[in-house]
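Everything below, folded, please.
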Amino acid sequence: MMRLDEYCPAFSLRTTEGEHVFEPIQQTFKLIVFLPSPFSVSDTQDIMNIDENSDFFSKNNINILLISRSSVYANLGWIEAIQKVYGREITTMIGEDPTAEVFKAYGVTNAKAAVIVDKQARCRWHFSLDRRLTFNIEEIKRAILALIQVSGSSSKTPEGWGPGDKTIKDIPLNRKSVLRNQKWFYDLSSENK
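Numbering: from 1, shown residues only. Predicted structure coming up:
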């Protein structure tokens, strides 16, 4: 699996929306989801859950790319089957990786995984789970918002942080700073909202 803070490798692949190129430098955060079991119940549910939240991703300027181990033709058949069975049109890009080159480049082997990539193309969050399970889309959204909140600053988000919650102020750790600020260890001051 990608290591946190590691640069994500560039790649290009065919998707259900045309050719897609992932460059090392980008202007937005990106969510890349690796789906190893085409047409499975769990991967189909993940596609529908992520696509259902496309307004959230668009509003927060997050690019989404789902990558499956199947060909673009199978992926097109997959989204056609979803539309026929569930009446849902899937507009989220699904890329092909039948040889698992991108899966391997990102360290994804025998599991499904989600990776959040920042504007500098660094891995900021990753999660993998058994291929039979589905992702918690609310936790992915919370993680993205937390990363956006602290991006470009030295503040941190405490456990359980949610949009609108205070962040932890990062105070330089030296003797003078500690003596001046009694809350040096864990400062949830109002200016950190």
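
which stretches of this structure have low pLDDT?
171-173, 177-178, 181-193 (pLDDT under 70).

50 - rerun?
191-193 (pLDDT under 50).

would you list every one of the strands in it?
Assigned by DSSP state E, the strands in the chain fall at 11-15, 18-22, 29-35, 62-68, 94-96, 112-117, 123-129.

With mean neighbour count and distance to residue 47 added, can I get these in JSON lines?
The C-beta positions use only the backbone N, C-alpha and C, and glycine is treated the same way. Formatted as JSON lines, the strands of the chain follow (neighbours: other C-beta atoms under 10 Å; distance: least, C-beta to C-beta, whole Å):
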{"stretch": "strand 11-15", "mean neighbour count": "17", "distance to residue 47": "13"}
{"stretch": "strand 18-22", "mean neighbour count": "13", "distance to residue 47": "16"}
{"stretch": "strand 29-35", "mean neighbour count": "23", "distance to residue 47": "7"}
{"stretch": "strand 62-68", "mean neighbour count": "22", "distance to residue 47": "6"}
{"stretch": "strand 94-96", "mean neighbour count": "25", "distance to residue 47": "7"}
{"stretch": "strand 112-117", "mean neighbour count": "23", "distance to residue 47": "11"}
{"stretch": "strand 123-129", "mean neighbour count": "18", "distance to residue 47": "15"}
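
is it possible to export those strands to CSV including distance to residue 135?
Compiled in CSV, the strands of the chain are given as follows (distance: least, C-beta to C-beta, whole Å):
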stretch, distance to residue 135
strand 11-15, 19
strand 18-22, 20
strand 29-35, 7
strand 62-68, 11
strand 94-96, 15
strand 112-117, 6
strand 123-129, 7
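
Can you tell me which of the ones you listed is nearest to residue 52?
strand 62-68 (11.8 Å; C-beta to C-beta).

still on that earlier bit, among the strands of the chain, which comes closest to residue 103?
Closest among the strands of the chain, using C-beta to C-beta: strand 29-35, at 5.8 Å.

Residues contacting that closest one, please?
In this structure, residues lying in contact with strand 29-35 by C-beta atoms under 8 Å, 6 or more residues apart in numbering are 8, 22, 43, 46-47, 50, 57, 60-69, 94, 102-103, 106, 108, 112-119, 124, 135, 140, 144, 147-148.

thinking again about what came up before, to residue 3, which of the strands of the chain lies closest?
strand 123-129 (6.7 Å).

nearest residue to residue 155 other than its sequence neighbours?
Sequence neighbours aside, residue 167 is the residue nearest to residue 155 in space, at 4.0 Å (criterion: C-beta to C-beta, 6 or more residues apart in numbering).

Count the residues that sit near the one you found.
By the measure other C-beta atoms under 10 Å, the count of residues near residue 167 is 21.

Please apply the same query to residue 160.
Using other C-beta under 10 Å, residue 160 has 7 other residues around it.
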